[in-house]
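Enquirer: Quick one, fold the following:
(2 chains)
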Number of protein chains: 2
Amino acid sequence: MRYRRIPNETVRRLPLYLRCLLLLSQNGNKSVSSEGLARIANVNAWQIRKDFSYFGGFGIRGFGYDIGNLTGQIRKILRLDAVHNAVLVGVGNLGSALLAYPGFKTYGFRIVAAFDNDSGKIGKKVGDVKIEDARRIGMLKPKCVTLAIIAVPAAAAQQAVDSLVEAGVKGILNFSPVHITVPKKIKVITIDIATELARLPYYIPSGGKE
Amino acid sequence: MRYRRIPNETVRRLPLYLRCLLLLSQNGNKSVSSEGLARIANVNAWQIRKDFSYFGGFGIRGFGYDIGNLTGQIRKILRLDAVHNAVLVGVGNLGSALLAYPGFKTYGFRIVAAFDNDSGKIGKKVGDVKIEDARRIGMLKPKCVTLAIIAVPAAAAQQAVDSLVEAGVKGILNFSPVHITVPKKIKVITIDIATELARLPYYIPSGGKE
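Expert: Numbering: from 1, shown residues only, chains lettered A, B, ... in the order given. Okay, here's the model as predicted:
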């Protein structure tokens, strides 16, 4: 089944809803109202109803949403109803943290390989994953890896991306706060940690400073 | 000077524009068109013009935006025109990576203290920052710290947040993918790394799978 085009902002919120629904389900809930989901997700209830309206609602007035059904639908829409293999490029502080990060499993992601160009790291293992020479990214092709996470220094980001695209990767989660260029069909999501922190002071009372 | 209320989505993009402007400035540019900025920021030019319209434009038709002026204005709007002290709670893999992360300086953030409840870590230093006992978060008051970053396991997140709020912290960057409760005046921004990755498959051609 194909869904009609959903706004990016809705797509941004769907994984959040999914995480909340999984939590509700773990706690033994079978259904949830948009208001109940709103409280946990920290999103307005009307926003949730609007987001769900893009793919036909799901809710029954007075009964709320069936958590099992909704979870399955969101997984399908986001194409999370299969395991996705991903590789990591850059095993520094952040990269090591990402390799150990337990949250990826929630959505069916599996990091199957890690790359670095530091000969002191190549060959070592972080958890179950062996660190390979970054020059071997091109060898990925037969393994059916479509996703990559890059956590390399800014200066190395574009080259890492080029190798990944060449190897057939279609989606990249980028932790390097730089502008990278990719062919049109490749999707890049950049997480710029400092940029997120930089939004905070706007919301904080300035304590008399005007 | 106070600006009128700016939509959250615009506030989300302002630090990104700021980073791009700093990059342009480093490369010797004095001005930039909305189209030029759009290319680097990966945002539509009309979106940029609309975002800037919330605080009066800044641009001169045909000449583009003066980078120095625009940088200063955005810093002022985001209250980044002063150094902000922040503390980190949770010095695991991710926390250590955050302590070493160079990007915070770009926006004038300084991590002045780190806390953990692991006695094996307390007293050790990561870079310039000594790891202190998490039970000492309450001692923060006199130091004028308004921001905190938490990178603790999900189960420990709420307690860390409660201590921080008690100590006078007003804004929290939260890396724990859990629902945390804070008083209304406290702003929390959650970075859920797995949730970001979970948006990628939606954008990737499914290779014949329907």
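Enquirer: Centroid-nearest residue for chain A?
Expert: residue A:173 (7.1 Å; CA atoms, centre = their mean).
Enquirer: Would you mark the buried spots in stretch A:26-34?
Expert: By 16 or more other CB atoms under 10 Å in any protein chain shown, the buried positions in stretch A:26-34 come out as A:31-32, A:34. Placement of C-beta: from N, CA and C, glycine included.
Enquirer: And the pLDDT at the closest residue to the residue nearest to the centre of chain A other than its chain neighbours?
Expert: Spatially, and ignoring its direct neighbours in sequence, residue A:173 is nearest to residue A:149 (4.6 Å; CB to CB, 6 or more residues apart in numbering or on different chains). The model reports residue A:149 with a pLDDT of 96.
Enquirer: Just confirm residue A:149 is within a helix.
Expert: No. Under DSSP: H, G, I helix; E, B strand; the rest coil, residue A:149 falls outside any helix and is assigned strand.
Enquirer: Return the residues in contact with residue A:80.
Expert: Neighbouring residues of residue A:80 by CB atoms under 8 Å, 6 or more residues apart in numbering or on different chains: A:15, A:18, A:74, A:107-108, B:198, B:201.
Enquirer: go with 7 Å
Expert: A:107-108, B:198, B:201 (CB atoms under 7 Å, 6 or more residues apart in numbering or on different chains).
Enquirer: Between these, identify the one with the most neighbours.
Expert: Counting neighbours by other CB atoms under 10 Å in any protein chain shown, residue B:198 leads those with 31 neighbours.
Enquirer: From residue B:182, how far off is it?
Expert: 25 Å (CB to CB, to the nearest Å).
Enquirer: What spatial separation is found between residue A:170 and residue A:70?
Expert: In terms of CB to CB, residue A:170 sits 27 Å off from residue A:70.
Enquirer: Identify the single longest helix in chain A, thanks.
Expert: Longest helix in chain A by number of residues, with DSSP state H as the criterion: helix A:8-26.
Enquirer: anything in stretch A:175-183 near chain B?
Expert: Yes. Against chain B, stretch A:175-183 shows contacts by CB under 7 Å from any CB of the partner chain at A:177, A:179.
Enquirer: which residues touch that stretch?
Expert: With CB under 7 Å, 6+ apart as the criterion, stretch A:175-183 contacts A:94, A:150-152, A:154, A:157-158, A:161, A:165, A:174, A:188, A:191-192, A:194-195, B:19, B:40, B:103.
Enquirer: Tell me which of those fall in strands.
Expert: Taking DSSP state E as the definition of strands, the contacts of stretch A:175-183 contribute A:150, A:174, A:188.
Enquirer: Which of those residues ranks first by neighbour count?
Expert: residue A:150 (27 neighbours).
Enquirer: OK, contacts around that residue?
Expert: A:89-90, A:157, A:160-161, A:172, A:174-176.
Enquirer: for those residues, which one is nearest chain B?
Expert: Distances from chain B to the contacts of residue A:150, taken as CB to the nearest CB, are shortest for residue A:172 (7.8 Å).
Enquirer: Neighbours of that closest one, how many?
Expert: Residue A:172 - counted by other CB under 10 Å - has 24 other residues nearby.
Enquirer: again with residue A:204
Expert: There are 17 residues near residue A:204, going by other CB under 10 Å.
Enquirer: Kindly report the same for residue A:154.
Expert: Residues lying near residue A:154 (other CB under 10 Å) number 14.
Enquirer: where's it relative to residue A:83, distance?
Expert: Applying CB to CB, the value for residue A:154 to residue A:83 is 31 Å.
Enquirer: now the strands for chain A?
Expert: A:31-32, A:65-66, A:84-89, A:109-116, A:125-126, A:129-133, A:147-150, A:171-174, A:187-190.
Enquirer: show me where chain A has helices.
Expert: A:8-26, A:34-41, A:45-53, A:67-77, A:93-100, A:154-166, A:193-197.
Enquirer: closest to residue A:131 out of those helices?
Expert: helix A:93-100 (9.0 Å; CB to CB).
Enquirer: what's the angle between that closest one and strand A:84-89?
Expert: 160 degrees (axes from the mean of the first three to the mean of the last three CA atoms, to 10 degrees).
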